[in-house]
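Trainee: coordinates only, sequence not included:
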């Protein structure tokens, strides 16, 4: 005899899938995790670009300081 028979497995899946709290967490995780990753990547690119623009502006103001 199996520990988990097919009916018990089906009942667990049904109860889990139709649970509103579980579905809310599942949908939120599928929606929010990629959004947080993309936001993190874009903020890093923005900061790098901001520093690059600042360096270019300083270089234009003081073109001969590096020599």
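Mentor: Noted; the coordinates are in hand. Predicted, not measured: the structure shown is a model, and the values here were computed from it.
Trainee: and the helices in this protein?
Mentor: In the chain, the segments counted as helices under DSSP state H are 6-17, 20-61.
Trainee: need those helices in JSON lines (columns: mean pLDDT).
Mentor: Rendered in JSON lines, the data for the helices of the chain read as follows (pLDDT from 0 to 100):
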{"stretch": "helix 6-17", "mean pLDDT": "84"}
{"stretch": "helix 20-61", "mean pLDDT": "93"}
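Trainee: make JSON lines out of the ones you listed and add mean neighbour count.
Mentor: C-beta coordinates here come from the backbone N, C-alpha and C atoms, glycine included. Putting these into JSON lines (neighbours: other CB atoms under 10 Å) gives the following:
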{"stretch": "helix 6-17", "mean neighbour count": "10"}
{"stretch": "helix 20-61", "mean neighbour count": "10"}
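Trainee: how far away is residue 63 from residue 25?
Mentor: As judged by CB to CB, to the nearest Å, residue 63 and residue 25 stand 57 Å apart.
Trainee: got it, and residue 38?
Mentor: From residue 38 over to residue 25 (counting by CB to CB), the distance is 20 Å.
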